[in-house]
Structures are given as C-alpha cells and as structure tokens.
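K.L.:
give me a model of this one.
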Amino acid sequence: MACIRSCYFGQSYRDRQWPAEDGETSGLLPDRDGLYSYTETLDRISETSEGSSQSSRTSSRLGREEGMVAPKTRLYRRRWYIIAAFSIFSLLQGAIFSSWSPIAASTIAAYPQWTEATISWQSNLALITSPLFQFPAWCLVAKIGVGPTVRWFAVLPLTICCMFRCLPLVCNISGETFTTITFLTSTCGGWASIIIFTTIGGLVSAWFPSGEQTLATGLAVVAINLGSIVSSLAGPAIVDDPVIMYPATTNSTGWTHSSTSPPWLDNSSTLRSQIGNFMFFHFLLALLVLVLVVPYFPSSPDIPPENAKSVPRLKPMEGLRVALSDKNIILLLLVNGLSSLPFMWMMSLMDVTLKPFGINEKVVGYLTSITIIVSGILTIATSRMNDRFPAKTKPILLTLLSLASLCSTILGFQTLGFVATSHTSLFISVVLSGSLLACGKPILLQAAAEVAYPVPEVVVTALMNQTTCLMTSTFLFLYSMSPLVAAWSPLCLLVAPLLAIFALTKVQFLGCAGAGECG
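P.N.:
As a prediction, the model looks like this:
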C-alpha cells in the first residue's frame, strides 16, 4: 500500500531518478553515461524489489499502463442465491394473487356476504392500484436501493398481511373484518407485483453477466406463473368443496344460502377453519421468503460482473423522459402489451368461452396448469438461447410471435365457431398459443433494457409491466361493460399477435450499448 500511495502518474518512488544521477549525465560521452546511469537505476530497482515482490508487481503494472487502471470484475456464485430468493418471492406474489379463485365456492359458502364479484375484485385490485403505486416505487428504489426495498417494503408488509389473514384460526372475527383484511392483502400483493417488475431488471443487471441475464429474468417470470399453480393445488387440497359435501344445497352456479336449511347443513365454521389453514399456508411461504431475504439480499455485489456494469445509467425521472421519447421503446412496449392480451384472455376468460363446448372449470384448471408448466420449460430454453446468441434477439422474438400467432388464430377461429373443432384440437391450441406467448416475456424485458440504454432498468421493466396492466385492465373493463365486446372477445387472439409482430418489425435493435449487441 505504501508503494501505491507513493505512485505519481504511473511511477513509484523506486522509478524516479536518484539525486546523484543528475550529475552523471554530463561528460565526454553523454549518451553512454546516460545509458550507464539508466542501467544502474534499473539494477537498484531490481535489488530493492527483492524484499517486496507484491509492491513491485503493482508498481510495474501501473508503470506499464501509464496510469490507466481497468475496472475490476468478479462473478459471484451467490448470484444464484439472490435470484432464487427473488424467484421464491415472485412465486409468493403469484400465489397470493391467485389465492381465491381455486376456493371461490367454499369462500362464498363460508362468508355469506361474499359473492363472485368479491372474488373478482380480489384480483382486480392489483391491476387497478398498479399505476397509482408505480411512481412511489420508483422513488423508493432510487433512494434506498433494490435490496432494502424488496426486504422491508415488499416482503415484510406482505408477510404481516398474510399473518392477519390467519386470524380466523385463533379468534372469532366478523366476516366484514376478514373481508377488509383480504382486500388489504390483495392490495399489498399488487404493490409487491410492482416492486418485482420495478426491481427485477436492476437486480439481474447488477449480479449477472450479459450471457446469463435473460435466463435469470426468465426464472423470476416463471416463478410468478408457478405461484398460481401452487394456490390451485393447495387450495382444493386444504379447503373442501361444499358442492361435493352437500350437493342438495347447490345449484348450477354453486353454493346456495338458505335460511330454511337444517342446522346440520351449516358448515360455515368448518369451511372458515379450512380457509384459515389455507391462509396459514401462504403465511408459512411468506415467512420462508422473509428468512431468505432479511439476512442477506444486497442490491448489488461489491465488484460488478463485467466492465459494462460499472457505467452508471440515468436517474429514474430523467430516464423516464428519455424512454417515452424513444421510438424503439414505445414499439417494444406495444409488443409487450399486445402479446400479453391473448395470454390474459386464456388465464381469465377461458372458462367462460369454452363452456359452450362442454368444457367445465375443472378441465380449464388443468389446461391452465399445463400451459404454465409448458411455458416455463419453453421460457428457460428460449432465454438460454437468447443469452447464447444475443445478436439473434429479434429473429427469436419474431419466430416465437409468429408461431404463437398461428396457434392463437386457430384457437380464435375455433372459439368463434368459424371452423369445426374438437376437445383435442382446442386443448392443443390453448397450450401451444399460451406457452409461446408467455415464453417471450423475459426476452422482451431484456431486449428493452438493452435498447433503452442508458435508461435505468427499473424504469424499463416497470414501463413494460404498466403497459401490460393498462391494456389488460382496459380489455377486462370493456368486456364487463359491453356484451358485444364479450361476445367477440376471442378476436384478440387473432388481432393482437399480428399487431405485435408488425410493431416488432419496426424496432431497431442495433446499437445496444448496455451489454452487447441485440441483433
């Protein structure tokens, strides 16, 4: 360290001329004397270096580079722990978002004030509150960083809300109080979703090199979708279905409350206890995430994984202004939103659309689970492919969207009755179109972050999420308000992918400055 502190423009005190050497340069043969003096100086440096080889190597390196020090890089193995903890957090959010649909009939039977609208609003709150919470999320991440935001402002509040949902297990609370708690938890789950998509880009960019970023993003995106499967499997396993328990008290739409039913048919207390156990399952999952992120979840490593990570990006607000004025970013936002519409239709409205074909809700649930599993496998494969061939990002996306458009067009013609169909062809079209549409999401997020450079990743990924929320919520609102839109809603399967392909062809991927060329 002493040698480094004494360095001046690439030279240490051992590299400077000794005082007596000033007079040795004069004489009859100045060139020869100068050469002798220089050689003697090198000998002295060599002799002095023998006692401190490490300092000598540092000084020699600094001398060769003449003051230019390359940024240090390091690839930490703990990066996989970081993305694993973040993915489990994403799975928790997905599980809470989908907690009520699998047990809708049981909840309505246990709480008479609940209706199908109450179940729907549990999910709608996340979409409605998303734009309102986005600006505070940006400010929070910019001020305290990704790690503290995830740890103290997302995981901890979500764990507390999950704990309060378990109150029916330990005390008697009114149905109104429990309803209020569930709505607060749903709102907190929506806030957690905003934090996930606001921080995922910055977290992946800080910890992973360019050749692994799409894969890391894909793991978190897959985890969100897997969360819905977790609730779909755990909910019916923990909570009994009243339709099966007492068929005589049900009709075609589900559980029927009747004041004339005998007392022995009042199973609300049993169902409330079982629902409390289901809520306790989510609480245990939240505790697991809390245990993973509280001890260690830094925003970034001490040394970046590659030199490009040491170059700072713009501040969030300035980056937002730049992003909204960039044609390529606007086009990618449209691609992301349009490609999300058919997938949202399959996840939300497929049970209603496929009912005329004799496909019940149970089969639709199986189709949804299979689609999510297949999309997860394809997501990992295509993300790895994009990391391996970063110059082929645009062809990969065009291929995926073209195949998805073909399958979704066939599905749209089938559901609209334009072509003859069967259950097998319907199932194949649903699984393929949904999987192909979903697996391109991580590639889009990564491509947008690269194209938008030097706009911060927290701004880019958040804009992608908000575009999806805006388009899907608008579509659902029109669906609920207009019978005409509801009748022709399968048209989004035909039109949206084609528009997404057209917008993608206009995007210029050249000049990605962040971590390499996108193609």
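K.L.:
rounded mean pLDDT for the stretch of helix or strand Ala206 belongs to, please.
P.N.:
Here Ala206, judged by DSSP states H and E, is contained in helix 175-207. Averaging pLDDT along helix 175-207 yields 94.
K.L.:
tell me which residues in the next helix or strand after it are buried?
P.N.:
Using DSSP H and E, the helix or strand that follows helix 175-207 towards the C-terminus is helix 213-238. Neighbour-count burial for helix 213-238, counted by 16 or more other CB atoms under 10 Å, picks out 213-232, 234-236, 238. The way it works is simple: take the backbone N, C-alpha and C, and place the C-beta from them, glycine included.
K.L.:
hey, where'd the helices end up in the stretch 1-150 of the chain?
P.N.:
Using DSSP state H, counting those that start in this stretch, the helices of the stretch 1-150 of the chain run over 2-5, 30-49, 53-65, 79-97, 104-110, 116-144, 146-150.
K.L.:
can you pull out the helices in the stretch 401-519 of the chain?
P.N.:
423-439, 441-451, 457-481, 483-487, 491-505.
K.L.:
elements contacting the second one?
P.N.:
By that I understand helix 441-451. helix 175-207, helix 213-238, helix 327-348, helix 361-388, helix 393-415, helix 457-481 (3 or more CB pairs under 8 Å, 6 or more residues apart in numbering; DSSP states H and E).
K.L.:
got the angle between it and helix 491-505?
P.N.:
With axes from the mean of the first three to the mean of the last three CA atoms, to 10 degrees as the basis, helix 441-451 and helix 491-505 are set at 30 degrees to each other.
K.L.:
export helix 441-451 to PDB, keeping only CA atoms.
P.N.:
Provided in PDB are the C-alpha atoms of helix 441-451 (Å, rounded to 0.1, in the frame of the first residue of the first chain):
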ATOM      1  CA  LYS A 441     -41.600 -12.200 -21.900                       C
ATOM      2  CA  PRO A 442     -38.100 -12.400 -20.400                       C
ATOM      3  CA  ILE A 443     -36.500 -11.800 -23.800                       C
ATOM      4  CA  LEU A 444     -38.700  -8.700 -24.300                       C
ATOM      5  CA  LEU A 445     -37.700  -7.400 -20.900                       C
ATOM      6  CA  GLN A 446     -34.000  -7.900 -21.500                       C
ATOM      7  CA  ALA A 447     -34.200  -6.500 -25.100                       C
ATOM      8  CA  ALA A 448     -36.000  -3.400 -23.900                       C
ATOM      9  CA  ALA A 449     -33.300  -2.900 -21.200                       C
ATOM     10  CA  GLU A 450     -30.600  -3.100 -23.700                       C
ATOM     11  CA  VAL A 451     -32.300  -0.900 -26.400                       C
END
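K.L.:
picking that back up, ranking the helices of the stretch 401-519 of the chain by mean neighbour count, which comes first?
P.N.:
Using mean count of other CB atoms under 10 Å, the stretch among these with the largest mean neighbour count is helix 441-451, at a mean of 27.
K.L.:
got a markdown table for the helices and strands packed on helix 441-451, with distance to Met317 too?
P.N.:
A markdown table is the format used below for the helices and strands packed on helix 441-451 (distance: least, CB to CB, whole Å):
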| stretch | distance to Met317 |
| --- | --- |
| helix 175-207 | 14 |
| helix 213-238 | 24 |
| helix 327-348 | 16 |
| helix 361-388 | 30 |
| helix 393-415 | 28 |
| helix 457-481 | 9 |
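K.L.:
quick one: closest of these to Ile443.
P.N.:
Among those, helix 361-388 comes nearest to Ile443, with 4.9 Å by CB to CB.
K.L.:
the closest one - what's its average pLDDT?
P.N.:
Here the average pLDDT along helix 361-388 is 91.
K.L.:
so how far is stretch 75-83 off the chain centroid?
P.N.:
16 Å (CA atoms, centre = their mean, to the nearest Å).
K.L.:
for the closest residue to Leu184 other than its chain neighbours, which three-state class applies?
P.N.:
Spatially, and ignoring its direct neighbours in sequence, Leu184 is nearest to Cys161 (6.0 Å; CB to CB, 6 or more residues apart in numbering). Following DSSP: H, G, I helix; E, B strand; the rest coil, the label given to Cys161 is helix.
K.L.:
which ones are touching Cys161?
P.N.:
Each residue near Cys161 by CB atoms under 8 Å, 6 or more residues apart in numbering is listed here: Ile181, Leu184, Thr185, Cys188, Gly189.
K.L.:
with Phe86 instead?
P.N.:
Going by CB under 8 Å, 6+ apart, Phe86 touches Val150, Ile196, Ile200, Leu203, Ala220.
K.L.:
can you do 7 Å?
P.N.:
Leu203, Ala220 (CB atoms under 7 Å, 6 or more residues apart in numbering).
K.L.:
what about the contacts of Cys161, which one has the most neighbours?
P.N.:
Comparing the contacts of Cys161 by number of neighbours (other CB atoms under 10 Å), Gly189 comes first, having 28 neighbours.
K.L.:
thought that one was touching Ala126?
P.N.:
Yes. Applying CB atoms under 7 Å as the test, Gly189 and Ala126 come out as touching, 5.9 Å apart.
K.L.:
tell me, what's touching these two both at once?
P.N.:
With contacts taken as CB under 7 Å, 6+ apart, the residues that reach both Gly189 and Ala126 are Phe97.
K.L.:
can you mark which positions in stretch 103-114 are buried?
P.N.:
Within stretch 103-114, the residues that qualify as buried are Ile103, Ala104, Ala105, Ser106, Thr107, Ile108, Ala109, Ala110, Tyr111, Trp114, counting by 16+ other CB under 10 Å.
K.L.:
excluding chain neighbours, give the residue nearest to Trp138 in space.
P.N.:
That would be Pro316: by CB to CB, 6+ apart, it lies 4.7 Å from Trp138.
K.L.:
and the one you found, what pLDDT?
P.N.:
At Pro316, pLDDT is 84.
K.L.:
from Val141, how far off is it?
P.N.:
Distance of Pro316 to Val141, computed by CB to CB, to the nearest Å: 7 Å.
K.L.:
these two: who's more crowded?
P.N.:
Val141 (25 against 21).
K.L.:
is it true that the more buried one touches Thr199?
P.N.:
Yes. With contact defined as CB under 7 Å, Val141 counts as touching Thr199 (6.1 Å).
K.L.:
overlap in contacts of those two?
P.N.:
Counting by CB under 7 Å, 6+ apart, the common neighbours of Val141 and Thr199 are Thr149, Val458.
K.L.:
circling back to that earlier point, any idea how far the helix holding Ala206 is from the chain center?
P.N.:
Put simply, helix 175-207 sits 12 Å off its chain's centre (CA atoms, centre = their mean).
K.L.:
tell me how many other residues crowd the closest residue to Cys469 other than its chain neighbours.
P.N.:
Spatial nearest neighbour of Cys469, excluding adjacent residues (CB to CB, 6+ apart): Ser130 at 4.5 Å. Counted by other CB under 10 Å, the residues lying close to Ser130 total 22.
K.L.:
per-residue confidence for Ser130?
P.N.:
Note on Ser130: pLDDT of 82.
K.L.:
go on, Thr107?
P.N.:
With respect to pLDDT, Thr107 scores 92.
K.L.:
pretty sure it contacts Trp100?
P.N.:
Yes. Using CB under 7 Å, Thr107 is in contact with Trp100, at 6.3 Å.
K.L.:
what do the two both touch?
P.N.:
Ile119.
K.L.:
picking that back up, looking at the contacts of Cys161, which is nearest Thr270?
P.N.:
Nearest to Thr270 out of the contacts of Cys161 is Ile181 (CB to CB; 20.2 Å).
K.L.:
how much space is there between that closest one and Cys161?
P.N.:
Taken as CB to CB, the span from Ile181 to Cys161 is 7 Å.
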